[in-house]
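**Student:** quick check, what structure comes out for this input:
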Amino acid sequence: MNSEIEKRYSHLNEMQKKAVMTAEGPLLILAGAGSGKTTVLVNRIHYILATREIFPSNILAITFTNKAAREMKERVEKLLGENADGIWIGTFHSCCVRMLRRDIEKLGYARSFVIYDRADQLILLKDTIKELNINEKLYEPKMVINHISDAKDKLITPEEFGGIYKDDFKMSKIVDIYKLYQKKLKENNALDFDDIIVKTVELFENHPDVLNFYQRKFRYVMVDEYQDTNKAQYKLISLLSAHHRNLCAVGDDDQSIYGWRGADISNILNFEQEFEDATVVKLEQNYRSTSVILDSANHVIKNNMERKLKRLWTQQDGGDHIKIFKAGDEREEGDFIARQIKDLVDKNERSNSDFAVLYRTNAQSRAIEEALMRQNVSYKIYGGMKFYDRKEIKDIIAYLRLIQNPLDNISLKRIINVPKRGIGAKTLDKLEEVSLERENSIYSVLLELEHADYVSTRSKSKLNDFITHIGAFMAMKEVMNVSELIEKVLENTGYISELKAENTVESQTRIENLREFISSAIEFEQISEEKDLETFLASISLVADIDAMDDDEEYVSLMTLHSAKGLEFNTVFIAGMEEGIFPTNRAILDETQLEEERRLCYVGITRAKENLYMTYAHERTIYGRRNYGVSSRFINELPKDLTESLNVAARNDKRQAKSNRNKMDESIKQNFALDAASFGVYSSKSVLDDTSKAGIDNSDVSLGSKIVHPRFGSGTVVSKDGSNVTIAFENKGVKTINLEYIKLELA
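**Tutor:** Residues are numbered from 1 along each chain as shown. Sure thing, here's the model as predicted:
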């Protein structure tokens, strides 16, 4: 070997050198977590250009994300300078778009084709469903898009799709939608995101001249994150690399965590069967974590059957033990995490940015976020939104605020057409205009719609339905606790059923978040002295107010385990390590899914550089119900001599868990200490005080009546049940009053 070449790569370990210098033939690089994968790819490009008589444009390097593509480009340019010009480095989609711009006319499209995003897809799909006279409620567009996208990922054409589901009535309708949808896309000279790869494969298969051009052009093909490829991507790569066979597949089967969105782990597992002459290089030396963390990760992942044998190791011997904490419940779990972070930061041993808190689902973040806020620890949600900023949470809070205070125009405008009721922007604008003219709330205007001539009969009917719902919820508020009221709002408005009809990963996540919101209400009912809606809304407002933080601050990172892939932190907490949560209940019943959950745990463990905590709760409110949990099997798979339990006396029953639960901060309690007389129904003393006074005639009061109360002032009747009336007072909120005992005057 040329001594200059040898010197150039002297900073690499032996396996990295082998991967860099294996230029010809099929190559599988099994790149373990933290093993310097990008360094190898960048140096391999350098090596090929330095030792082969080729042009930079003869190299194709494909990544999965724009971020990864940018990083690789920057590092290649830094290493090669001008010699990097011409190398194709990009995502599957960006590279395919370049190919299609050159030759898509052969498929009957113009080169000026447009790419439809998700919103464009939905509009086109709704038009398609309407044209076919199919009930959109039975075939929710987002659900249909998922079916079509899944078919395209598997390279299933509309015609093939029809053959698969010829005896399935419901799916046969989706077949019809798929066919017309594709026809409409072409009429619009448009591709959706999935089409970008599908049409490139179609172009190659139907036009050998085009395929031959790119096969000869790309003498060296490299694909990163090969374990995440789906069938369409796999086919594309197979076609492109078939001539020269210089395919370098880089990935880690132990980090294959996207099976739920089409990734096929068999692509990497069967690489050696497809290419019998393949060279396999294992990058097992880790440059990130301590040996304790790596040994723990190895012990967990070895329980999987579908994997290639490898074992991460490091020259960093030793390290702190994995710390296991059993909490009484999710509140104590969150408080433990927040206190650990705060203590280490206060001692100047760590900064906020050194920490990450990982969890299986987004809904789990709520208790952790609130605990961090109680400790004044700055945090950010990575790859998502903070719990109380999520659309579905803001929607249900808007409902609750309107129920509590019908004068709240902001909340009303947010949810008057959520879920969709056919109440358009023009109707709402008119209502707002009338309310301004009358100097009254929009809700009050809605109560007087009966003789209004400024809205159509159809709109009036829909608005009356909305008012009826809100009035019913106001009555429920007086007899139900907050968690029950939330469930009724979600059920009676159709909010949950609409999300269920979507049947997407996103809609399921929203449902989980709403269930977690119900859990937060149950927790509030357990620890708050005052348990009414007004106090609950005040507690939420306090949480939101604390959340306003300086952008210059350093933050603790909160994220799902899926979002953590590719990242690293000094200290990592993995929360919710309980059977049924991680692994999920569904995965426990399916060995394939269980192995993917274990790979996800492996990913979480290997994010930690120095310290790793795993936490679980003895009991947890899930979907509004208290559940008793046992520690995750993944904790039990850790080597006992590498773990340390942080709680000596385990809490084994619900009563003890509650006794250990922290009470609310005194400042929050003071905000909750509201005048009891201002809550809902009068106390018996208030009733007795007014028994000598004559009440106004029951028949004089109806929905929308303007009244004057001797103590609370002016208000509007928003619901009536016999002699009980609910009134929205201008300055005192909403009260329920019995006309037999209270003297009211009509305004």
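**Student:** so who does the nearest residue to residue 268 once chain neighbours are set aside touch?
**Tutor:** Nearest in space to residue 268, with sequence neighbours left out and distances taken as CB to CB, 6 or more residues apart in numbering, is residue 227 at 4.5 Å. Bear in mind the C-beta positions are built from the backbone N, C-alpha and C, glycine included. Residues in contact with residue 227, defined by CB atoms under 8 Å, 6 or more residues apart in numbering, are 251-253, 255-256, 263, 265, 267-268.
**Student:** pLDDT check: weakest of those?
**Tutor:** Within the contacts of residue 227, pLDDT reaches its minimum at residue 263, with 93.
**Student:** so that residue touches residue 229, yeah?
**Tutor:** Yes. Using CB atoms under 8 Å, residue 263 is in contact with residue 229, at 6.7 Å.
**Student:** compare these two (neighbour count), which wins?
**Tutor:** It is residue 229, of residue 263 and residue 229, that has more neighbours when counted by other CB atoms under 10 Å, with 26 against 23.
**Student:** which residue packs closest to the more buried one, ignoring adjacent ones?
**Tutor:** Leaving aside its sequence neighbours, residue 229 sits nearest to residue 267 (CB to CB, 6+ apart; 5.0 Å).
**Student:** look up how far residue 218 lies from the nearest residue to residue 52 once chain neighbours are set aside.
**Tutor:** With CB to CB, 6+ apart as the criterion, residue 52 has its nearest non-adjacent residue at 6.6 Å, and that residue is residue 23. Look at residue 23 and residue 218: by CB to CB, to the nearest Å, they are 14 Å apart.
**Student:** how many neighbouring residues does residue 334 have?
**Tutor:** 28.
**Student:** number of residues surrounding the residue nearest to residue 524 when sequence neighbours are not counted?
**Tutor:** Counting by CB to CB, 6+ apart, residue 524 lies nearest to residue 536, which is 5.4 Å off, once chain neighbours are set aside. Using other CB under 10 Å, residue 536 has 25 neighbouring residues.
**Student:** any idea how far residue 536 lies from residue 712?
**Tutor:** For residue 536 relative to residue 712 (CB to CB), the value is 22 Å.
**Student:** can you check residue 98 too?
**Tutor:** Applying CB to CB to residue 98 and residue 712 gives a distance of 69 Å.
**Student:** and the two? which has more neighbours close in?
**Tutor:** Neighbours were counted for residue 98 and for residue 712 using other CB under 10 Å; residue 712 has more, 20 against 12.
**Student:** you'd agree that one is up against residue 728?
**Tutor:** No. Using CB under 8 Å, residue 712 is not in contact with residue 728; the gap is 10.4 Å.
**Student:** count of neighbours near residue 438?
**Tutor:** A count of nearby residues for residue 438, using other CB under 10 Å, gives 11.
**Student:** just grab the bridge partners of residue 356 for me.
**Tutor:** Beta bridges link residue 356 to residue 557, residue 572 when assigned by DSSP bridges.
**Student:** ok, it touching residue 559?
**Tutor:** Yes. Here residue 356 reaches residue 559: they are 6.8 Å apart, a contact under CB under 8 Å.
**Student:** shared neighbours of the two, anything?
**Tutor:** Between them, residue 356 and residue 559 share these contacting residues under CB under 8 Å, 6+ apart: residue 382.
**Student:** domain-wise, how is this structure divided?
**Tutor:** Taking the TED database as the criterion, the chain consists of the domains 1-105+196-283, 114-188, 313-383+550-648, 388-542, 705-746.
**Student:** ok, which of those comes nearest residue 296?
**Tutor:** Smallest distance to residue 296 across the domains of the chain (CB to CB): 5.2 Å, for domain 313-383+550-648.
**Student:** tell me the mean pLDDT for that closest one?
**Tutor:** What domain 313-383+550-648 shows for mean pLDDT is 92.
**Student:** the helix ranked longest in the chain packs against which elements?
**Tutor:** Using DSSP state H, we find that the single longest helix of the chain is helix 505-527. Helix 505-527 is packed against helix 365-374, helix 391-404, helix 482-492, helix 495-502, helix 533-546, strand 619-622, with contacts defined by 3 or more CB pairs under 8 Å, 6 or more residues apart in numbering; DSSP states H and E.
**Student:** show me what the last one packs onto, helices and strands only.
**Tutor:** If you count contacts as 3+ CB pairs under 8 Å, 6+ apart, strand 619-622 packs onto helix 505-527, strand 625-628.
**Student:** need the ones you listed in a markdown table with distance to residue 31 and mean neighbour count, can you?
**Tutor:** Converted to a markdown table, the helices and strands packed on strand 619-622 look like this (distance: least, CB to CB, whole Å; neighbours: other CB atoms under 10 Å):
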| stretch | distance to residue 31 | mean neighbour count |
| --- | --- | --- |
| helix 505-527 | 27 | 19 |
| strand 625-628 | 39 | 13 |
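**Student:** to residue 607, which of the ones you listed lies closest?
**Tutor:** Comparing the helices and strands packed on strand 619-622 by CB to CB, helix 505-527 comes nearest, at 21.4 Å.
**Student:** distance of residue 287 from residue 13?
**Tutor:** Taking CB to CB, one finds residue 287 at 9 Å from residue 13.
**Student:** now do residue 272
**Tutor:** 23 Å.
**Student:** cool, residue 279 as well?
**Tutor:** For residue 279 relative to residue 13 (CB to CB), the value is 17 Å.
**Student:** again with residue 357
**Tutor:** From residue 357 to residue 13 the distance is 33 Å (CB to CB).
**Student:** looking at those two, which one has more neighbours?
**Tutor:** Per other CB under 10 Å, whichever of residue 357 and residue 13 has more neighbours is residue 357, with 29 against 15.
**Student:** that one contacts residue 561, correct?
**Tutor:** No. Counting by CB under 8 Å, residue 357 does not reach residue 561; the two are 10.7 Å apart.
**Student:** so what touches the longest helix of the chain?
**Tutor:** Against helix 505-527 from outside (CB under 8 Å, 6+ apart): 142, 260-261, 330-331, 361-364, 366-367, 387, 390-393, 396, 481-483, 486-487, 490, 495-496, 499-500, 531, 535-536, 539, 621-624, 626, 658, 661, 663-664.
**Student:** just want the angle from it to helix 482-492.
**Tutor:** Going by axes from the mean of the first three to the mean of the last three CA atoms, to 10 degrees, helix 505-527 is angled at 150 degrees with respect to helix 482-492.
**Student:** keeping just the C-alphas, turn helix 505-527 into CSV.
**Tutor:** The C-alpha trace of helix 505-527 is given here as CSV (Å, rounded to 0.1, in the frame of the first residue of the first chain):
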residue,chain,number,x,y,z
VAL,A,505,-50.1,7.3,13.5
GLU,A,506,-50.6,11.0,13.9
SER,A,507,-54.3,10.7,15.0
GLN,A,508,-53.4,7.9,17.4
THR,A,509,-50.8,10.1,19.0
ARG,A,510,-53.4,12.9,19.4
ILE,A,511,-55.8,10.4,21.0
GLU,A,512,-53.0,9.4,23.4
ASN,A,513,-52.3,13.0,24.3
LEU,A,514,-56.0,13.6,25.0
ARG,A,515,-56.1,10.6,27.3
GLU,A,516,-53.1,11.9,29.1
PHE,A,517,-54.9,15.2,29.5
ILE,A,518,-57.7,13.3,31.2
SER,A,519,-55.1,11.7,33.4
SER,A,520,-53.8,15.1,34.3
ALA,A,521,-57.3,16.1,35.4
ILE,A,522,-57.6,13.0,37.6
GLU,A,523,-54.3,13.8,39.2
PHE,A,524,-55.6,17.4,39.8
GLU,A,525,-58.7,16.0,41.5
GLN,A,526,-56.5,13.8,43.7
ILE,A,527,-54.2,16.6,45.0
